[in-house]
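> Provided below are the primary sequence and the corresponding predicted coordinates.
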Amino acid sequence: MIKFLIKGILRDKSRSLLPVIVVSLGVFLTVFMSGWMKGVFGDMIDMNANYSMGHVKIMTRAYAENEEQIPNDLALLDVSSLTEKLNKEYPDLEWVRRIQFGGLLDVPDANGETRAQGPAAGRAVDLLSAGSKEAERLNIPKSIVKGRLPQKQGEVLISHEFAERFGVELGDDISILGSTMYGSMVVPTFQVCGTINFGMAMLDRGAIIMDITDAELAFDMCDAAGELLAYFKSGLYDDELALAIREDFNNKYSDEADEFSPQMVRLRDEATLKQYLDMADNMSAMMVSIFVIAMSIVLWNTGLLGGLRRYTEYGVRLALGEEKGHIFRTIIYEAVIIGSIGSVVGSALGIGVSYYLQENGIDFSAMMENVTMMMPTVYRAKVTPELFYIGFIPGLLAMTLGNALAGYAIYKRKTAQLFKELEV
């Protein structure tokens with residue numbers, strides 16, 4: 001019977017062409033939107049994890065309460081000892097130190113007098129240690145406009161926008177007017193080895209990147225860090241494992257009565273990121289539900305029109321003694337076959353477009369010049385294993401549901417009315 005139905009579908013284009021097009025379009029939109037939204041939310045989450053949150057992050061309780069102010073006077077102490085313990089207790093995590101700081105970036109003239117000043121938002125990471133992944137994690141090599149990465153202590157990268165505005169050249173000395181973790185004023189001097197442009201207004205305004213050892217010396221933070229970040233060695237964020245690690249760590253090390261005791265938070269604990277993660281988790285289900293409902297309505301109407309066109313055919317089959325249930329089942333079988341064809345075509349198109357956008361992306365930098373949130377400027381789709389089967393859910397379900405609703409009219413046919421129709 002299946003072979004017979006396939007021949008009928010292939011030979012009678014009026015029966016199958018429109019439903020296949022509708023299913024293919026709906027499946028394509030489902031697959032593409034699922035891949036696109038996963039890519040967009042995934043990029044936003046990864047960017048925030050790489051630049052600020054990590055997969056889990058440790059701060060003192062007092063630092064966490066005032067995190068937006070970057071209170072280095074509340075930084076973690078004895079970081080080396082703590083990191084050694086953490087490496088033993090949580091071997092699945094890679095731990096890195098970060099120091100954030102603010103101040104005035106001072107550009108001297110030939111006589112050493114101040115020529116220009118501007119606000120600086122600095123970040124100190126491990127750039128010089130062998131095997132460090134911090135430069136790649138922050139996408140620094142690809143963001144360098146002029147110059148190179150720091151190769152020795154005393155070298156820094158500054159914002160390309162700042163360098164252009166104040167005429168800072170490679171090799172020039174700049175000073176930072178800031179304060180130590182103990183509140184004393186300091187004016188350390190560094191040499192510019194390169195300029196950098198992340199493509200995000202939030203990071204590019206007065207940005208300065210230096211090695212962690214330079215920050216320790218400049219701000220009197222020996223064996224201290226504002227934040228201790230960790231990333232899963234697999235490279236993928238595991239929310240359940242992160243939750244278990246957070247609870248275990250806080251039970252062991254965190255004391256609510258001691259404001260300087262360490263406290264761990266996970267990526268999902270950040271309010272905005274929690275919303276992104278929840279949306280990313282629910283997006284596929286939302287897309288499938290929307291398109292199942294929409295396509296079911298469209299295919300219901302298509303089935304009704306097809307049913308009207310085949311009204312006489314069903315009447316003849318009933319008159320010949322074919323059971324109503326058998327006719328109804330053949331309609332469902334046809335729907336499954338047409339839904340499968342449309343799902344394969346739509347999935348192939350959706351995965352193809354998603355793969356293209358995964359490799360090339362769409363640049364929205366011109367629209368995000370004044371955005372203050374940490375968001376990528378190039379958005380990409382993401383091809384995941386889920387895309388290879390998610391389209392079959394609305395494709396088969398909607399087609400089957402639509403034809404089932406339309407085919408229900410067969411059971412309303414009465415024998416007396418049937419013969420009256422055939423006589424006509």
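Cool, got the structure. Numbers count the residues shown, from 1 in each chain.

> Output the contacting helices and strands for the one helix or strand Thr330 maps to.
In this structure, Thr330 sits in helix 324-360 according to DSSP states H and E. Here helix 324-360 touches helix 2-11, helix 13-48, helix 311-319, helix 387-390, helix 392-407, going by 3 or more Cβ pairs under 8 Å, 6 or more residues apart in numbering; DSSP states H and E. Where you see a C-beta, it was placed from the backbone N, CA and C, and this is true even at glycine.

> Could I get the average pLDDT for the first one?
For helix 2-11, the mean per-residue pLDDT is 61.

> Which of the helices and strands packed on helix 324-360 has the highest mean neighbour count?
Across the helices and strands packed on helix 324-360, averaging neighbours per residue (mean count of other Cβ atoms under 10 Å) puts helix 392-407 on top, at a mean of 23.

> for this structure, what helix or strand is lowest in average pLDDT?
Within the chain, no helix or strand scores below helix 415-423, which has a mean of 53 by mean pLDDT, DSSP states H and E.

> Checking my notes, Arg131 in a strand, right?
Just so we're on the same page, residue 131 is Gly rather than Arg. No - under the criterion used here (DSSP: H, G, I helix; E, B strand; the rest coil), Gly131 is coil, not part of a strand.

> Per-residue pLDDT of it, please?
At Gly131, pLDDT is 83.

> What about it, how many residues nearby?
5 (other Cβ atoms under 10 Å).

> Now do the longest strand seen in the chain: distance to the chain's middle.
With secondary structure taken from DSSP state E, the chain has its longest strand at strand 93-108. Centre-to-centre, strand 93-108 and its host chain are 26 Å apart (Cα atoms, centre = their mean, to the nearest Å).

> Pull up the pairing partners for it, direction included.
strand 114-125 (antiparallel), strand 173-179 (antiparallel), strand 227-232 (antiparallel) (DSSP bridges).

> can you tell which of those strands is closest to Phe166?
strand 114-125 (4.0 Å; Cβ to Cβ).

> Flag every buried residue along that closest one.
Gly118, Ala120, Ala121, Gly122, Arg123, Ala124, Val125 (16 or more other Cβ atoms under 10 Å).

> now the second one, nearest residue through space, not along the chain?
Beyond its immediate neighbours in the sequence, the residue positioned closest to Ala120 (Cβ to Cβ, 6 or more residues apart in numbering) is Leu105, lying 4.0 Å away.

> which residues sit in contact with that neighbour?
Gln117, Gly118, Pro119, Ala120, Ile158, Phe162, Ile174, Ser175, Ile176, Gly206, Ile208 (Cβ atoms under 8 Å, 6 or more residues apart in numbering).

> from memory the first one sits against Val107, does it?
Yes - because the distance of 7.1 Å satisfies Cβ atoms under 8 Å, Gln117 is recorded as touching Val107.

> JSON lines for the strands paired with strand 93-108, including distance to Ile21?
Below are the strands paired with strand 93-108 laid out as JSON lines (distance: least, Cβ to Cβ, whole Å):
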{"stretch": "strand 114-125", "distance to Ile21": "52"}
{"stretch": "strand 173-179", "distance to Ile21": "62"}
{"stretch": "strand 227-232", "distance to Ile21": "44"}
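
> Relative to Phe101, which of these is closest?
strand 114-125 (4.5 Å).

> returning to what we had before: got the CA positions of the longest strand of the chain in PDB?
Provided in PDB are the C-alpha atoms of strand 93-108 (Å, rounded to 0.1, in the frame of the first residue of the first chain):
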ATOM      1  CA  LEU A  93      38.100  23.500  35.900                       C
ATOM      2  CA  GLU A  94      40.900  25.800  34.600                       C
ATOM      3  CA  TRP A  95      41.500  28.700  37.000                       C
ATOM      4  CA  VAL A  96      42.700  32.200  36.000                       C
ATOM      5  CA  ARG A  97      43.300  35.400  37.900                       C
ATOM      6  CA  ARG A  98      41.900  38.700  36.700                       C
ATOM      7  CA  ILE A  99      42.400  42.300  38.000                       C
ATOM      8  CA  GLN A 100      40.100  45.100  36.800                       C
ATOM      9  CA  PHE A 101      41.000  48.700  37.500                       C
ATOM     10  CA  GLY A 102      40.000  52.200  36.600                       C
ATOM     11  CA  GLY A 103      41.800  55.600  36.500                       C
ATOM     12  CA  LEU A 104      43.000  58.300  34.200                       C
ATOM     13  CA  LEU A 105      45.200  57.500  31.200                       C
ATOM     14  CA  ASP A 106      47.900  60.200  31.000                       C
ATOM     15  CA  VAL A 107      49.800  60.900  27.800                       C
ATOM     16  CA  PRO A 108      53.000  63.000  28.300                       C
END
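
> Relative to Phe32, how far out is His293?
Residue 293: Ile, not His. Distance, Ile293 to Phe32, using Cβ to Cβ, to the nearest Å: 18 Å.

> Walk me through the domains of the chain.
2-47+274-423, 56-236 (automatic domain parsing).

> Would you mind giving those as TSV with distance to Ala242 added?
What follows is the domains of the chain, written out as TSV (distance: least, Cβ to Cβ, whole Å):
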stretch	distance to Ala242
domain 2-47+274-423	11
domain 56-236	5
